[in-house]
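Undergrad: Predicted structure and sequence below. I'll ask about it afterward.
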Amino acid sequence: MLRKGGSNWVEGDSFFDREVELEILMDRMRDGNHTLVTAQRRMGKTSLVRELLRRLVEGGEFETVFVDLEAALDPADAIAETAVRARPVSGAWRRIEAGFANILKEVGGRVEELSVSDLKVKLRAGIDAGNWPQRGDAVFAALAGSARPVVLAIDELPILVNRLLKDDSGRITPEGRKEADAFLSWLRRNGQAHRGGITMILSGSVGLEPLLEQAGLSAHANIFSAYDLKPWDEDIAVSCLSELAGTHEVDLPHGICREMCRKLRCCIPHHVQMYFDKLHDRLRHAGRQAATEEDAERVYLHEMLSVRGQTDLQHYEDRLRTILGTAGCPVAMEILTATAVDGCLDGGAIDRYRAYFTAAAGNAGPGGPTVDNVLHILLHDGYLEPQDSGYRFTSGLLEDWWRNRWGGSFRPVIDDGWRSGGAGR
Ligand SMILES: Nc1ncnc2c1ncn2[C@@H]1O[C@H](COP(=O)(O)OP(=O)(O)O)[C@@H](O)[C@H]1O
Ligand SMILES: [Mg+2]
């Protein structure tokens, strides 16, 4: 009985497949291998890690802590968040509480009654730019002292690192680099010091490696072995659609499921779920149970590709702004739109963009990402994939959507007649 996913991460009876992935990650946690789960957004990283922790707790071997750093502004925030999420680990929490005794004193015996967010505010007040490394060490030491080994999951770490590194325009500043360096060294040191006692599993919807590469800080990621989470292959996605149809009493023939997956090209779990959900809505409106090929086609064209209300696809754009800033975002937008309109981006076009944007960046001053930095991020974060001597969109859905959204009046900045096949599309 597979339930529909909704808009957040899933676990338990909404969680489908990923059995091999879970097995591999279980082994890694048992072996104490710090892991960095990488995949583009909406691939199911958070769900996978949540489900992993759920099963680890069920197995009784581990204590688990899940920390989300999406909203953390600095290392002090990250440490306060980690401390407060460790509250359910009883032995560890007593030690953390003791470490913050002077701050928690005013609360008296009512710590138990505080909500997570109130408690976090209190703890945060005791951490500052000077003492965060010591405070952080104490939190790690408290966790490491637990009777059972601890799996510490840290979600959206790259967002924090990105925030530390860059100013508002997306340029890496010397101070930002220093701060990110300090934070990542601290994390690495703790990862090494408590190997076996605490195993970290990091994940995030933007790639950590390209960020660190841009900042010249790649060495900090070397205690983490990467685990690349792939999209579902077509057969898995087809079974997911069939199971969803079964649970929700929709008659969805196999051939239509397959056609739906072909349109997506890359079966990102969230897109599979979204496609089913929209199809389900259409059938309910029509008062029917049986889906036809035409239903699937119409839902794709009018719902999946609609510019309005597609916050999830819109997100692909917003992320670029976050990661690349005002300096790099236009480069990425240009490259993506040219690729969507032409169906591919060949080596010649890349050379032209390199020349064009290098000249443009020379006028704007140093510090912004280069065309090659941008391409690396687009590849790493799953927008593009290599094809022949160039690139194409990994996802058929994103390609079609992007072309609809930006392709209409697009004129490439380097347009001097080089686009051979694409002009009429
Ligand atoms: N294993 C899964 N089974 C069913 N649906 C999934 C699975 N993984 C992801 N999804 C779908 O994708 C959506 C996004 O998942 P999430 O874990 O938040 O992705 P990420 O953290 O990679 O951005 C979920 O809301 C759900 O609809
Ligand atoms: Mg996530």
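TA: Good, I have the coordinates. Residues are numbered from 1 along each chain as shown. Ligands and ions are numbered 1, 2, ... in the order given.
Undergrad: per-residue confidence at the residue nearest the centre of the chain?
TA: The centre of the chain sits closest to residue 205, judged by C-alpha atoms, centre = their mean, with a distance of 1.3 Å. According to the model's per-residue confidence, residue 205 sits at a pLDDT of 75.
Undergrad: and what of residue 321?
TA: As summarised for this prediction, residue 321 has a pLDDT of 86.
Undergrad: I'd like the distance between it and ligand 1.
TA: Here the criterion is C-beta to the nearest ligand atom, to the nearest Å. By it, residue 321 lies 17 Å from ligand 1. All C-beta spots, glycine's among them, are computed from the backbone N, C-alpha and C.
Undergrad: hmm, back to that, hang on, the residue nearest to the centre of the chain packs against residue 38?
TA: No: because the distance of 9.7 Å does not satisfy C-beta atoms under 8 Å, residue 205 is recorded as not touching residue 38.
Undergrad: tell me the SS of residue 154?
TA: State at residue 154, reduced to three classes by DSSP: H, G, I helix; E, B strand; the rest coil: strand.
Undergrad: do you know how far it is from residue 341?
TA: According to C-beta to C-beta, to the nearest Å, residue 154 stands 39 Å off from residue 341.
Undergrad: Quick check: which ranges of the chain have low pLDDT?
TA: Counting by pLDDT under 70, the ranges of the chain that qualify are 309, 363-367, 416-425.
Undergrad: Up against ligand 1, what does it have?
TA: For the chain, the residues found near ligand 1 under the criterion C-beta under 6 Å from any ligand atom are 5-6, 8-10, 14-18, 39, 41-47, 205, 269-270, 273.
Undergrad: Of these, select the buried ones using a ChimeraX command.
TA: Applied in ChimeraX, the following selects the buried portion of the residues of the chain next to ligand 1 according to 16 or more other C-beta atoms under 10 Å:
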select :5,9,10,14,15,16,17,18,39,41,42,43,44,45,46,47,205,269,270,273
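Undergrad: Restricted to helices, list the residues of the chain next to ligand 1.
TA: The helices in this structure, assigned by DSSP state H, contain 45, 46, 47, 269, 270, 273 from the residues of the chain next to ligand 1.
Undergrad: Where do the helices of the stretch 101-250 of the chain begin and end?
TA: Listed from the start of the chain, the stretch 101-250 of the chain has helices (DSSP state H, counting those that start in this stretch) covering 101-104, 116-125, 132-144, 157-165, 174-193, 208-215, 234-247.
Undergrad: From the chain's centroid, how far away is the fourth one?
TA: The chain centroid and the centroid of helix 157-165 are separated by 13 Å under C-alpha atoms, centre = their mean, to the nearest Å.
Undergrad: Name the SS class of residue 27, please.
TA: Residue 27 falls in the helix class when you classify it by three-state DSSP.
Undergrad: So it versus residue 138, what's the distance?
TA: The gap separating residue 27 from residue 138 is 30 Å, by C-beta to C-beta.
Undergrad: Between these two, tell me which one has more neighbours.
TA: For residue 27 and residue 138, the more surrounded residue by other C-beta atoms under 10 Å is residue 138, and the numbers stand at 18 against 10.
Undergrad: for the residue nearest to the more buried one when sequence neighbours are not counted, what are its contacts?
TA: Across the structure, with C-beta to C-beta, 6 or more residues apart in numbering as the measure, the residue nearest residue 138 apart from its sequence neighbours is residue 99 (4.7 Å). Residues near residue 99 by C-beta atoms under 8 Å, 6 or more residues apart in numbering: 135, 138, 139, 142.
Undergrad: closest to residue 181 among those?
TA: Checking the contacts of residue 99 against residue 181 with C-beta to C-beta, the nearest one is residue 135 at 18.5 Å.
Undergrad: Break this protein down into its domains, please.
TA: In the assignment given by automatic domain parsing, the structural domains of the chain cover 16-228, 234-304, 312-407.
Undergrad: I'd like those laid out as TSV, including distance to residue 414.
TA: Supplementary listing: these in TSV, determined by distance: least, C-beta to C-beta, whole Å:
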stretch	distance to residue 414
domain 16-228	22
domain 234-304	27
domain 312-407	5
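Undergrad: so residue 218 touches residue 210, yeah?
TA: No: in this structure, residue 218 is not within contact of residue 210 by C-beta under 8 Å, at 9.6 Å.
Undergrad: Looking only at neighbour counts, state which of these two leads.
TA: It is residue 210, of residue 218 and residue 210, that has more neighbours when counted by other C-beta under 10 Å, with 23 against 14.
Undergrad: Against residue 147, how distant is the more buried one?
TA: When C-beta to C-beta is applied, the distance between residue 210 and residue 147 equals 39 Å.
Undergrad: Please apply the same query to residue 14.
TA: If you go by C-beta to C-beta, the gap between residue 14 and residue 147 works out to 32 Å.
Undergrad: how many neighbours does residue 19 have?
TA: The number of residues packed near residue 19 is 8, by other C-beta under 10 Å.
Undergrad: Over to residue 13?
TA: Other residues near residue 13 come to 10 when the count uses other C-beta under 10 Å.
Undergrad: cool, and residue 107?
TA: 14.
Undergrad: what's near enough to touch residue 66?
TA: Residue 66 makes contacts with 49, 50, 53, 85, 153, 155, as judged by C-beta under 8 Å, 6+ apart.
Undergrad: any chance of the residues you listed in JSON lines, plus distance to residue 390?
TA: Supplementary listing: the contacts of residue 66 in JSON lines, determined by distance: C-beta to C-beta, whole Å:
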{"residue": "49", "distance to residue 390": "34"}
{"residue": "50", "distance to residue 390": "37"}
{"residue": "53", "distance to residue 390": "40"}
{"residue": "85", "distance to residue 390": "44"}
{"residue": "153", "distance to residue 390": "37"}
{"residue": "155", "distance to residue 390": "34"}
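Undergrad: Output the residues you listed in a markdown table, with neighbour count appended to each entry.
TA: Compiled in a markdown table, the contacts of residue 66 are given as follows (neighbours: other C-beta atoms under 10 Å):
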| residue | neighbour count |
| --- | --- |
| 49 | 25 |
| 50 | 21 |
| 53 | 21 |
| 85 | 20 |
| 153 | 24 |
| 155 | 22 |
